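> quick one, structure for this:
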Amino acid sequence: MKILGIGNAIVDVICKINDNFLKENELTKSTMKLVNENEFKRLLKNLEIEKTISGGSVANSIVGLSQLDNEVGFIGKVNDDDLGRKYSEGLKKENVKFHYNIKSEKIPTGTCLILITPDSERTMCTFLGTAGKISEKDIDEKIVKQSEITFLEGYLWDKGDPQKAFNKAISNSQQCAMSLSDLFCVERHKEYFLDLVQKKLNITFANEQEIMALTGAKNFKEVITFSKQVSELIVITRGENGALAIKNDEIIECSAKKNLKIKDLTGAGDLFAAGFLHGHVNKLSLKESLEKGTELSSKIIEKVGARF
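Here you go, the predicted model:
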């Protein structure tokens with residue numbers, strides 16, 4: 001297998017809102033907040049659902065990679081409930097091998113409320129459900145070892161069982177890539193993430209805000225200095241300022257696409273990672289990989305949702 005994704009198996013519920021909704025519910029725009037099941041239901045109660053789709057950050061990337069004809073698989077924990085079965089079926093329809101045996105759990109399948117404001121920014125409220133209970137016994141060591149790249153998401157990491165699952169995946173991978181996922185995740189797990197980036201990951205994906213928070217950089221020049229000192233590949237997206245890949249003293253840049261009709265930024269990072277990893281695993285140059293990532297992310301933000 002070319003790429004195995006391991007992440008939160010989450011069903012996305014997409015709703016359009018105005019900025020007042022965020023203020024009224026004390027939500028910070030463009031971040032992810034963990035909520036319990038009751039809070040999730042309370043927030044959703046007065047909203048009109050635009051779309052419901054199987055999601056999860058790495059799962060979105062893996063589906064994008066499958067659509068580019070790469071052999072891919074995914075590990076994520078769902079319950080044997082209606083949403084869990086739909087999630088599994090959704091992956092199979094996209095030709096993604098789901099390496100998880102669904103069984104009855106005490107906690108329902110996870111869901112993420114994606115709130116889109118008029119400026120197309122997305123704010124997420126996530127009830128992890130059984131996705132947050134992933135453990136090392138859910139990670140098939142054999143499948144990890146057979147995959148050229150194992151791709152993890154920062155959203156998945158948490159102390160206890162998820163951390164053990166994470167570590168098992170990393171220690172058995174040929175190459176390991178990870179997305180820092182969100183500013184919330186970086187601030188919550190900064191010390192651990194920094195150790196991963198500096199010592200264990202072969203590829204790190206981050207946006208400018210996340211990498212600056214991780215490194216404590218006061219400006220982007222300091223980010224460049226940090227990235228050069230890490231011996232592995234760091235890939236940074238910068239919105240309108242494009243994207244760049246840094247490895248040792250090599251810095252490759254790619255411009256952002258212009259004049260896009262942006263509808264929803266939800267899947268921008270996920271599909272950028274898909275495009276870049278497609279290039280990387282198929283031996284394209286860093287420049288070509290950045291261009292493929294930029295191409296996919298530019299297309300996905302012109303529609304609602306994180307999948308084509």
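
> got the contact list for residue 302?
Residue 302 makes contact with 260-263 under the criterion CB atoms under 8 Å, 6 or more residues apart in numbering. Where you see a C-beta, it was placed from the backbone N, CA and C, and this is true even at glycine.

> next one: residue 3
62, 65, 70-73, 147-151, 277, 281.

> again, but for residue 124
31-33, 112-115, 182.

> so which of those is the closest to residue 271?
Proximity of the contacts of residue 124 to residue 271 was ranked by CB to CB; the top entry is residue 114 with 14.9 Å.

> how many neighbours does the residue nearest to the closest one when sequence neighbours are not counted have?
Distance criterion CB to CB, 6 or more residues apart in numbering; nearest residue to residue 114, sequence neighbours excluded, is residue 14 at 4.7 Å. Around residue 14 sit 22 other residues, with neighbours defined as other CB atoms under 10 Å.

> I'd assumed residue 49 was in contact with residue 14.
Yes - with contact defined as CB atoms under 8 Å, residue 14 reaches residue 49; the gap is 7.2 Å.

> all strands for the stretch 101-250 of the chain, in order.
With DSSP state E, counting those that start in this stretch as the definition, the stretch 101-250 of the chain shows strands at residue ranges 110-116, 122-127, 149-153, 176-179, 203-207, 233-237, 243-247, 250-254.

> show me where the stretch 101-250 of the chain has helices.
141-146, 161-172, 183-188, 190-199, 208-215, 220-229 (DSSP state H, counting those that start in this stretch).

> gap between the third one and the chain center?
The reference is to helix 183-188. 13 Å (CA atoms, centre = their mean, to the nearest Å).

> which residues touch the host helix or strand of residue 280?
Residue 280 belongs to helix 268-281 when elements are defined using DSSP states H and E. For helix 268-281, the surrounding residues in contact (CB under 8 Å, 6+ apart) are 2-3, 57-58, 60-65, 68, 70, 148-149, 151, 177, 179, 203, 205, 207, 235, 237, 243, 245, 284-285, 288-297, 299-301, 306.

> residue 42: which of the contacts of residue 302 is nearest?
Closest to residue 42, out of all of the contacts of residue 302 and judged by CB to CB, is residue 263, at 26.9 Å.

> show the pLDDT at that closest one.
If you check residue 263, the pLDDT there is 88.

> please apply the same query to residue 63.
On the pLDDT scale, residue 63 is placed at 97.

> I'm done for today, thanks for sticking with me.
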